[in-house]
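Chemist: can't give you the sequence, but here's the structure:
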Ligand SMILES: [Zn+2]
Ligand SMILES: [Zn+2]
């Protein structure tokens, strides 16, 4: 248990992975809604996990398909990604923002999970030479911002670092990146590669202001810095695969897009709470969602353990909404409803999903409520 909840990041993603695997094995052969117009998986929002803190507060986490083209969960999944990375991002006293773009002539080659991973690993090794203790939040954007149908993979990195990268070093990185691309793809490039880099720090903002004849206090510079950091975090976690493209979706299926490099400091919950509160005013991501996404109970700060079973998503009707698919569940439940087997699913495929899961849920809850140990 402690292995699961001991680490902020590992805790939540591990469970999410577990839930997904279960879903993939058991349920996903039901036809995909995406066939009819680019929605996500048809299990999106249909199931939930139940979690409980050591003091007995209970929560529901609705399971989303997290497909970027899914209209059902896109915004909520985005907010969850922000919430998950926020405590890490806010430990950065200054940061570098990199964008490594794949040149046009190589984009066909990079419709391939293995090759994308290989390139990402190369960049990690390369940047480690400059920052041996590198800590970074790393994510691909798949499509061009201007044209959501043009495949335009570029890797975004927020790198925790404490100094500005000298120009010569950046030029070396660009040259090496170009050579690596040529080596991996076997394609020669006769122009420069596109690498964007910018360094942000509170001191940097102060200097910039001074050049424009303005004076910033330390607090103002800090505030501005945090705003920019927040904005970048929101930007890199956004969905770019908005228009469903079956061929590419199949090729990138199960690719792990959001990754964390290095070990960020593990924060006590009071710190996470404080940081989340500071940012709450700027976003739809509430402090409570940040707490839950990082495995802490927003009521008491205790660690949350997510129970093994899957529950129907409609269980959330009985809860109080926290935000982004999280609910507080005031009734105590001990068991887990039996979800239909694959065979049963085949038989009832022509029934409407939600009605069906609602029916199972009510039947099960009724029995649960008869039990004596159900209330505090
Ligand atoms: Zn979805
Ligand atoms: Zn609690």
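Modeler: That came in fine, so what should we check first? Note that the coordinates shown come from a computational prediction; the quantities given were computed from them, not determined experimentally. Residues are numbered from 1 along each chain as shown. Ligands and ions are numbered 1, 2, ... in the order given.
Chemist: Get me the contact residues on the protein for ligand 1.
Modeler: 40, 44, 64-65, 70, 72-73 (CB under 5 Å from the ion). C-beta here means a position set from N, CA and C on the backbone, and glycine is covered the same way.
Chemist: With neighbour count added, can I get those residues in a markdown table?
Modeler: Below are those laid out as a markdown table (neighbours: other CB atoms under 10 Å):
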| residue | neighbour count |
| --- | --- |
| 40 | 23 |
| 44 | 22 |
| 64 | 24 |
| 65 | 25 |
| 70 | 24 |
| 72 | 18 |
| 73 | 24 |
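Chemist: Residue 194 and residue 167: what is the separation?
Modeler: Relative to residue 167, residue 194 is positioned 16 Å away (CB to CB, to the nearest Å).
Chemist: Between the two, point out the one with more neighbours.
Modeler: Remark: of residue 194 and residue 167, residue 194 carries more neighbours, 15 against 9, as counted by other CB atoms under 10 Å.
Chemist: Name the nearest residue to the more buried one, sequence neighbours excluded.
Modeler: Distances taken as CB to CB, 6 or more residues apart in numbering put residue 101 closest to residue 194, at 4.0 Å, once the chain neighbours are dropped.
Chemist: And the residue in the stretch 101-250 of the chain that ligand 1 sits nearest to, which helix or strand is it part of?
Modeler: Using CB to the ion, residue 239 is the residue of the stretch 101-250 of the chain that sits closest to ligand 1, at 10.4 Å. Taking DSSP states H and E as the definition, residue 239 sits outside all helices and strands.
Chemist: Quick one: neighbours of the nearest residue to it once chain neighbours are set aside, just the number.
Modeler: By the measure of CB to CB, 6+ apart, the closest residue to residue 239 outside its immediate chain neighbours is residue 68, 3.7 Å from it. Here the number of neighbours of residue 68 (other CB under 10 Å) works out to 23.
Chemist: Residue 68 and ligand 2: what is the separation?
Modeler: 33 Å (CB to the ion, to the nearest Å).
Chemist: Kindly confirm my reading that that residue is in a strand.
Modeler: No. Assessed with DSSP: H, G, I helix; E, B strand; the rest coil, residue 68 is coil; it does not lie in a strand.
Chemist: Quick check on it: phi, psi?
Modeler: The phi/psi pair for residue 68 (degrees, to the nearest 10) reads phi -60, psi -30.
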